[in-house]
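Student: return atomic coordinates for the entry below.
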Amino acid sequence: MAETALDNAVVGAGLLAGSANVIMQLSRAPVGYGVLESKVDSGNLFRHPAKRTRTTLTYLAVATMGTDAERAAYRQGVNRAHAQVHSTDASPVAYNAFDTDLQLWVAACLYKGFEDVYLAFVGGEPAEFYRDAAKLGTTLQVHPEMWPADREAFEEYWAAGLAGVGVDDTVRGYLTDLVDLRFLPPVLATLGRPFHRFVTTGFLPQRFRDEMRLPWTTADQRRFDTLLAGLGRVVRVLPAPVRRFPFNLCLWDLRRRLRTGRPLV
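Tutor: Reported below is the predicted structural model:
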């Protein structure tokens, strides 16, 4: 399978921005409550952190580097889980995991994450892979024509989308537990928390920092910029397979599961 421009935007170091991207996605209330109230136990990060992480990384791997057939197979697996994710009369907001507008918002957040990581660690022109990034949404139910036509149109969509962002105390509590690594054993969470909180806050646009009540100073920004510059110098000289790890490993695992008939999600 020939490489695409989007393949080259896949950088394993981008996992540092993972929690920031989750915050961006869940800052839209229907997405946030869809995750908080989900009945899919196997997708609960705080109960099954390894499985949830594998599922998320595999989705990104197959969306960006997989074949059309692999994306179709993974869509079926995700759809079976998403069929259980919908609001009830007791839910504070209405939501449905098959809502294409919400899926487009999630895909837009994923794209922003890819772009930020690409610019920080690789460099170049995001327009090279922008159109191909529609797969971040069309791998599920987002229709191709829903993806903003070009980078300028995306900025208009993103600016309008920010108007729908709002994090209440319930969702903020969940996301704060994510930032503080409370899904890990206490010792690991305590050791990793300061760095994880720092990089997560650094990758968040200011609007989301404000919603999460995460302080950020000019000195913090200088430290963050220095960190990204140092990591970027390393990432740019790595061989492509190393640079893409663990996404390439997740794609290998998906193909193994397809061959052996094991569950994909």
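Student: and residue 210, how close does it get to residue 20?
Tutor: 14 Å (Cβ to Cβ, to the nearest Å). For the C-beta atoms, the positions are set from N, CA and C on the backbone; glycine is no exception.
Student: next one: residue 257
Tutor: Where residue 20 is concerned, residue 257 sits at a distance of 29 Å (Cβ to Cβ).
Student: now do residue 239
Tutor: 27 Å.
Student: tell me which of the two has more neighbours.
Tutor: Ranked by neighbour count (other Cβ atoms under 10 Å), residue 239 and residue 20 place residue 20 first, with 25 against 7.
Student: residues making contact with the host helix or strand of the more buried one?
Tutor: Here residue 20 sits within helix 18-26, counting by DSSP states H and E. With contact meaning Cβ atoms under 8 Å, 6 or more residues apart in numbering, helix 18-26 is reached by 31-32, 35, 56, 105-106, 109-110, 112-113, 167, 171, 174-175, 178-179, 196, 199-205, 208, 212.
Student: so for stretch 230-244, what gets flagged as buried?
Tutor: The neighbour-count check on stretch 230-244 (16 or more other Cβ atoms under 10 Å) flags 232, 235, 243, 244 as buried.
Student: a markdown table for those residues, including pLDDT?
Tutor: Shown next, in a markdown table, are those (pLDDT from 0 to 100):
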| residue | pLDDT |
| --- | --- |
| 232 | 92 |
| 235 | 91 |
| 243 | 92 |
| 244 | 92 |
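Student: of those residues, which belong to helices?
Tutor: Here DSSP state H is the test, and the buried residues of stretch 230-244 give 232, 235, 243, 244 as lying in helices.
Student: which of the residues you listed sits closest to residue 96?
Tutor: residue 244 (33.1 Å; Cβ to Cβ).
Student: if you skip the residues just before and after it, what's nearest to the closest one?
Tutor: residue 10 (5.0 Å; Cβ to Cβ, 6 or more residues apart in numbering).
Student: over to residue 119?
Tutor: residue 126 is the one closest to residue 119 (Cβ to Cβ, 6+ apart), at 6.9 Å.
Student: please apply the same query to residue 14.
Tutor: If the residues on either side of it in the chain are set aside, residue 14 comes closest to residue 117, at 3.6 Å by Cβ to Cβ, 6+ apart.
Student: ok, the one you found - contacts?
Tutor: 9, 11, 13, 14, 17.
Student: tell me the angle of the very next helix or strand once past the helix holding residue 20 relative to helix 18-26?
Tutor: Using DSSP H and E, the helix or strand that directly follows helix 18-26 along the chain is helix 29-36. Counting by axes from the mean of the first three to the mean of the last three Cα atoms, to 10 degrees, helix 29-36 lies at 120 degrees to helix 18-26.
Student: would you mark the buried spots in helix 29-36?
Tutor: 29, 30, 31, 32, 33, 34, 35, 36.
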